[in-house]
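K.L.:
Would you be able to build a 3D model of this:
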Amino acid sequence: MYDVAARNRALKLLTQGLTVAEVSRRTQISRWAIRDWQLRADQGMPVAPVRSCPRCDSDAASLAPGDKYVYLLGLYLGDGCISPVGDPSKRIWSMRIFCADKYPGLQTECADAIRAIRPDNKVRFLPLGGCTEINSHSKHWPCMFPQHGPGKKHTRKIALEDWQQQLVERYTKPFVRGLIHSDGSRSTNRVRHAAKAGDRWYEYPRYFFTNESTDIAQLFTDALDRLGIAWKRSNRNNISIARREAVARLDEFVGPKY
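P.N.:
I've put the predicted structure just below:
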């Protein structure tokens, strides 16, 4: 929790014309906390302390457990969003992840990751017909997932903060797992091979990752590169992993959805 002196210093810098980002760099206070204080001050509301958030309470990339966080980050970038709920003045947000009902194990893993990051917040399962919305409410989702913003993800810039990049590099496999669990698949490809004796068919497994955002696709391929896993771009929005050794590597920590 930031003390009164830290909040007053941040607000004073804002009145001098500095941007929220610049104040954050100078004070090492999270941008979400500064925006919250600024909004409250503009509305004449008490500038209350920001509590119980790993990002608000620490300047280091210390979200724990880090592997659960980057897995949830992968799910959020693919099939998640952050939406305001209730009275706008209370600034409460809902993390919403959408999981197909044919993958109950994935739904459980998603809920477990949310509980690991926000153990004091309730996790809800909302059936939607063919899929389930898994959500949890908190004031701190936007500072924990700063990729939140207006509009669809593929229409705006998606980039990791430095502290997120550190976590993704430290826990690359769970990050890839989360991305594939959201916007990826493992399937069997059948190929016909013409021969003199007649057509011959052979099969091989491969992974696909599909996302309209070129930024998110880049995060995925960068992670594969760090792991030494070969990939190729099938078309504008599809990444294919089909080499036998590459598929075997992904099978070690991803595998089919369940």
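
K.L.:
mind listing what's buried in stretch 247-257?
P.N.:
Buried residues in stretch 247-257, counted by 16 or more other C-beta atoms under 10 Å: 247, 249, 250, 254, 257. For every residue, glycine as well, the C-beta is placed using N, CA and C.

K.L.:
how many neighbours does residue 208 have?
P.N.:
Neighbour count of residue 208, defined by other C-beta atoms under 10 Å: 17.

K.L.:
Identify the residue spatially nearest to it, adjacent ones excluded.
P.N.:
Spatially, and ignoring its direct neighbours in sequence, residue 208 is nearest to residue 185 (5.2 Å; C-beta to C-beta, 6 or more residues apart in numbering).

K.L.:
Repeat that for residue 186.
P.N.:
residue 256 (4.7 Å).

K.L.:
Check residue 68 too.
P.N.:
Once flanking residues are discounted, residue 68 sits nearest to residue 116: 4.0 Å by C-beta to C-beta, 6+ apart.

K.L.:
Could you report the pLDDT at residue 32?
P.N.:
Per-residue confidence (pLDDT) for residue 32: 72.

K.L.:
and it, helix, strand or coil?
P.N.:
Secondary structure, DSSP: H, G, I helix; E, B strand; the rest coil: residue 32 is helix.

K.L.:
From residue 131, how far out is residue 98?
P.N.:
Distance of residue 98 to residue 131, computed by C-beta to C-beta, to the nearest Å: 5 Å.

K.L.:
And these two? Which one has more around it.
P.N.:
Set residue 98 next to residue 131 and count neighbours by other C-beta under 10 Å: residue 98 wins out with 19 against 16.

K.L.:
who's in contact with the residue nearest to that one when sequence neighbours are not counted?
P.N.:
Once flanking residues are discounted, residue 98 sits nearest to residue 79: 4.8 Å by C-beta to C-beta, 6+ apart. Applying C-beta atoms under 8 Å, 6 or more residues apart in numbering to residue 79 gives the contacts 97, 98, 99, 182, 183.

K.L.:
same thing but 7 Å
P.N.:
Residues in contact with residue 79, defined by C-beta atoms under 7 Å, 6 or more residues apart in numbering, are 97, 98, 182, 183.

K.L.:
Sounds good, over and out.
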